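In: based on what follows, work out the 3D shape:
(3 chains)
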Amino acid sequence: MALVERDIQLDEHKRLKHLLTLEGLKAHHLTEILDLAETFFDANGELRKVPLLRGKTIMNVFFEPSTRTRTTFEIAEKRLSADVVNLNIATSATKKGESLQDTLWNLQAMGADMFVIRHADSGAAHFFARQVAEGVHVLNAGDGRHAHPSQALLDMFTIRKHKGDIYDLKVAIVGDILHSRVARSQIQALSILGAREIRVIGPRTLMPSCPEALGVHVYHDMDAGLEDVDVVIMLRLQNERMSGARLPSEKEFFRLYGLTEQRLERAKPDAIVMHPGPINRGVEIDSAVADGPRSVILDQVTNGIAVRMAIMAVIFSNAARHPQEDAS
Amino acid sequence: MALVERDIQLDEHKRLKHLLTLEGLKAHHLTEILDLAETFFDANGELRKVPLLRGKTIMNVFFEPSTRTRTTFEIAEKRLSADVVNLNIATSATKKGESLQDTLWNLQAMGADMFVIRHADSGAAHFFARQVAEGVHVLNAGDGRHAHPSQALLDMFTIRKHKGDIYDLKVAIVGDILHSRVARSQIQALSILGAREIRVIGPRTLMPSCPEALGVHVYHDMDAGLEDVDVVIMLRLQNERMSGARLPSEKEFFRLYGLTEQRLERAKPDAIVMHPGPINRGVEIDSAVADGPRSVILDQVTNGIAVRMAIMAVIFSNAARHPQEDAS
Amino acid sequence: MALVERDIQLDEHKRLKHLLTLEGLKAHHLTEILDLAETFFDANGELRKVPLLRGKTIMNVFFEPSTRTRTTFEIAEKRLSADVVNLNIATSATKKGESLQDTLWNLQAMGADMFVIRHADSGAAHFFARQVAEGVHVLNAGDGRHAHPSQALLDMFTIRKHKGDIYDLKVAIVGDILHSRVARSQIQALSILGAREIRVIGPRTLMPSCPEALGVHVYHDMDAGLEDVDVVIMLRLQNERMSGARLPSEKEFFRLYGLTEQRLERAKPDAIVMHPGPINRGVEIDSAVADGPRSVILDQVTNGIAVRMAIMAVIFSNAARHPQEDAS
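Out: Residues are numbered from 1 along each chain as shown, chains lettered A, B, ... in the order given. A predicted model of the protein is given here:
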């Protein structure tokens, strides 16, 4: 199945219409969002409430439970003054045997202006985007192992804020690269923004079959991989995603790939530590690092609200612009 | 049990105070709602956001789960700028052994201005309406096998929009008439609005005992029943409602009463096809018909928002009027 | 474990910053809230909608399910025009093994201005209050057996409204004093406001070990305990809280401690009857009393909205005041 139809997420002026994946986007698509996100913070670093989406109805359609991501989207939507409808479909609608397509068509007929969708199947957000009417937008909040673009964008925002321009940086992503939609989207974002070097670190069993095709350097030894990097991104060990015995134990994983203060000394002295959360203390990251001075993990959460606000604002702003306005 | 107390849903000026059933209402009660619903669409056919119910608190009290109906009410309420509180009582309040009456009294004491109630027991909405204080309104979102008046009103709105005046039309309702609160309310609405002919089509086992008393023509043969009708309303086959073996199988049901393109040829060439949703593809309706040019099924969903807005707006507007205003 | 850190809920000017417990508060802290709550009722006794918390984000973080308390907080927050986010953590976030602290830190990073927290563990709200950043407020909506201060404040509001000044009154609290966070907070509130006499009535097995230390008079005989009181507060019999056979049966409990009209004759002729709800009819209270003329049980529910609005408004107002404003 070809998950990526080129340009389905762009309008005829190559402007963002949906956000399904970072694949195929240009640096200007990303920086427009990152720049706008900055403006949502006031002088005290608090998020403003703005009337940009007043009168718009946004539906958070979660086929997979997720308190964290759903809540950040809900807050972002309310900060934009949109009307928010939460649909936890896992437990209700499909019980009556309605297909994904019928669910979508019905929700659309209720007047949704945007769908924020999370689904266990890769490609679900693309499916929605192919089906929606003109003027309705789709935002992928995580689809199977495929993509989690808003997470990667908030990570880029966080890196840019702490380290400046990304093209100058060496970034290491550590953990279960194979099953991680977060890692896939981060690698794409870092590539698009021209990061100097992208490394992935983890055991062979948790690496995709052709990591080199992604333009990344592969390390199985963590100490070597962390050497001289500017940014360390730890991934969450998703036990529930792993089938069979790919790993000896959590303890063994921590011994080999857990981020400790000692290991972090291999990175640059001013390196930052990131994690998409929720963290497994003592499994992939030591508490001393997670709560330490180089951790920007909680800052990522805050930035996530601003970046999600910006994604939605950019998409609706693109839709409102008349084609003749930009004859570029 | 006498479910219908005459006039409990009307105030002393015979204006709508609650909406529990269509039984006992006059055509002007219905057309007032349908006319107002039209005004909520803007020139592009999109629903407006209006401040009519700003400061009002509406509680959606669902004792039966229903994503679809609950969501359309929630959206309608937010489009009217009301404050919305969702209560899924099935899973929570009655666990502590609180009676329906105590639940109602408590929610009312919290300051509800309107209850939208769904309950598995026929008469639950009437029970609420008899108990609420002056100035608190009740809207029946489906009670047992009894009534689903907002569904029937959105169906009338849809018919009127596509076919013009209802008094000129022949309408067929197909399926499980016996268990369907939707069918009961549709038959009442069509009678009140003076439809030329109302037919019900289905197996003997799924017909009420005295359908003639409802003023309908009964057909057990679908081809005969569809002959020359303007509107075909398919009902959802509610397997979960049926006790025992009233039907041989879904396949057999489809063979006898499933709506196919071929069968639809019996109806008028410009006949429309309706369904309250969610549809069972291949059980009561063929996908070619459901997704075909004569289907207005998704339009019903959109109209449902506007009609529910209108029901609530009419009720609150009636309550706000001073008695002396209309000395009729 | 010392649950009560003195002054953690007060700022440097001894003004309320969090509301965790009534222990340690002065009468003026309570009366400020009660006085403000009165202003939220309009001339018709209906609750106003006010813009006091526009732009503030309040998170209702419920680790224990509670439709009633959660809904009254939600309504209070919406009446104050705050943005409301409901989090039912029992079923979702901690499933992934996140600690209470990590949950708090993450929610805080999402931009919460106030947490309303309910938790099965005593001290959970204090834990939150110790961890939150400057400018973030915590409101205890019930923690284990420890405290339920907003319930006690709404009870004081209700007593004051019906009986005038509290210092002149004899108040009896009846039932399971041992397991009741409501009773603990009520006793503290009555003490602070100087009630003339506080009695607790119940079986020995449901009394705390040193009730006298609380400044209350203990009665095991209900008739004696009710003699001449102005206010009777019945507690809910929490079967689910009791471990082992502390009680012979519900029937036996009712015989000994159920409030009947006959028993109520022992109290003053104008005594009022209160209950935090939901009531167990025929277990701790007879329907004739619960629904009778001296019952103010439903008025408590309404007052609960106003008092919760006032608690939040006072806390945010304190935070907004500049220190130099009150040089007292």
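In: so where is chain A shaky, pLDDT-wise?
Out: Flagging of chain A using pLDDT under 70 yields the residue ranges A:1-6, A:90-97, A:239-248, A:322-328.
In: kindly report the residues of the stretch 1-150 of chain A close to chain C.
Out: For the stretch 1-150 of chain A, the residues in contact with chain C (C-beta under 8 Å from any C-beta of the partner chain) are A:46-47, A:49, A:65, A:67-68, A:71-72, A:74-75, A:78-79. The C-beta positions use only the backbone N, C-alpha and C, and glycine is treated the same way.
In: wait, a helix at A:Asp155?
Out: Yes. A:Asp155 forms part of a helix when assessed by DSSP: H, G, I helix; E, B strand; the rest coil.
In: host element of the nearest residue to it once chain neighbours are set aside?
Out: With sequence-adjacent residues excluded and distances taken as C-beta to C-beta, 6 or more residues apart in numbering or on different chains, A:Asp155 is closest to A:Gln186, at 5.8 Å. Using DSSP states H and E, A:Gln186 maps to helix A:181-192.
In: likewise for A:Lys78?
Out: helix A:67-79.
In: what comes up buried for that helix?
Out: A:67-79 (16 or more other C-beta atoms under 10 Å in any protein chain shown).
In: now do the contacts for A:Val232.
Out: With contact set as C-beta atoms under 8 Å, 6 or more residues apart in numbering or on different chains, A:Val232 has these partners: A:171-172, A:174, A:226, A:259, A:264, A:267, A:271-274.
In: does it sit in a helix, a strand or a coil?
Out: strand.
In: bridged to it, which residues?
Out: A:Ala172, A:Val273 (DSSP bridges).
In: got the domain ranges for chain A?
Out: According to automatic domain parsing, chain A comprises the domains A:27-148+A:302-325, A:149-296.
In: just checking, A:Ile192 touches A:Thr21?
Out: No. Between A:Ile192 and A:Thr21 there is no contact under C-beta atoms under 8 Å: 11.2 Å.
In: so those two - more neighbours on which side?
Out: With neighbours defined as other C-beta atoms under 10 Å in any protein chain shown, A:Ile192 and A:Thr21 compare such that A:Thr21 has more, 25 against 21.
In: that older thread, kindly reformat the residues of the stretch 1-150 of chain A next to chain C as a markdown table containing distance to C:Ala141.
Out: Output for those, formatted as a markdown table (distance: C-beta to C-beta, whole Å):
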| residue | distance to C:Ala141 |
| --- | --- |
| A:Glu46 | 25 |
| A:Leu47 | 25 |
| A:Lys49 | 25 |
| A:Pro65 | 23 |
| A:Thr67 | 18 |
| A:Arg68 | 22 |
| A:Thr71 | 18 |
| A:Thr72 | 23 |
| A:Glu74 | 20 |
| A:Ile75 | 20 |
| A:Lys78 | 21 |
| A:Arg79 | 24 |
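In: those: which two are farthest apart?
Out: Longest distance between any two of the residues of the stretch 1-150 of chain A next to chain C is 29.0 Å, between A:Glu46 and A:Pro65; criterion C-beta to C-beta.
In: residue boundaries of the strands in the stretch 101-250 of chain A?
Out: A:114-119, A:137-143, A:170-174, A:197-201, A:217-219, A:231-234 (DSSP state E, counting those that start in this stretch).
In: residues contacting A:Glu284?
Out: A:Glu284 sits next to A:174-175, A:234-237, A:253-254, A:257-259, A:275 when contact means C-beta under 8 Å, 6+ apart.
In: list the ones among these that fall in helices.
Out: A:253-254, A:257 (DSSP state H).
In: of the residues you listed, closest to chain B?
Out: A:Phe253 (37.6 Å; C-beta to the nearest C-beta).
In: quick check, the closest one in contact with A:Val283.
Out: Yes. With contact defined as C-beta under 8 Å, A:Phe253 reaches A:Val283; the gap is 6.5 Å.
In: shared neighbours of these two, anything?
Out: A:Leu237.
In: nearest residue to the closest residue to chain C within chain A other than its sequence neighbours?
Out: Per C-beta to the nearest C-beta, A:Val301 is where chain A lies closest to chain C, at 3.6 Å. Nearest residue to A:Val301 in three dimensions, chain neighbours excluded: C:Ala109, at 3.6 Å (C-beta to C-beta, 6+ apart).
In: tell me the contacts of the one you found?
Out: By C-beta under 8 Å, 6+ apart, the neighbours of C:Ala109 are A:298-302.
In: can you count the residues close to the closest residue to A:Gln9 other than its chain neighbours?
Out: In space, and not counting its chain neighbours, A:Gln9 is closest to A:His18: 4.2 Å by C-beta to C-beta, 6+ apart. Burial of A:His18 is recorded as 23 neighbouring residues (other C-beta under 10 Å).
In: one more: A:Ala213?
Out: Neighbour count of A:Ala213, defined by other C-beta under 10 Å: 8.
In: same check, this time on A:Ala27
Out: A:Ala27 - counted by other C-beta under 10 Å - has 14 other residues nearby.
In: ok, now how distant is it from A:Asp230?
Out: 19 Å (C-beta to C-beta, to the nearest Å).
In: so which bits of the stretch 151-300 of chain A are right by chain C?
Out: Residues of the stretch 151-300 of chain A lying near chain C (C-beta under 8 Å from any C-beta): A:277-281, A:298-300.
In: now, which of the residues you listed sits nearest B:Ala129?
Out: Closest to B:Ala129, out of all of those and judged by C-beta to C-beta, is A:Pro278, at 46.4 Å.
In: the nearest residue to the closest one once chain neighbours are set aside: what's it in contact with?
Out: Using C-beta to C-beta, 6+ apart and skipping the chain neighbours, the partner closest in space to A:Pro278 is C:Glu98 (4.3 Å). C:Glu98 sits next to A:278-279, C:106 when contact means C-beta under 8 Å, 6+ apart.
In: again, only this time at 10 Å
Out: If you count contacts by C-beta atoms under 10 Å, 6 or more residues apart in numbering or on different chains, C:Glu98 has them with A:67-68, A:277-281, C:89, C:104-106.
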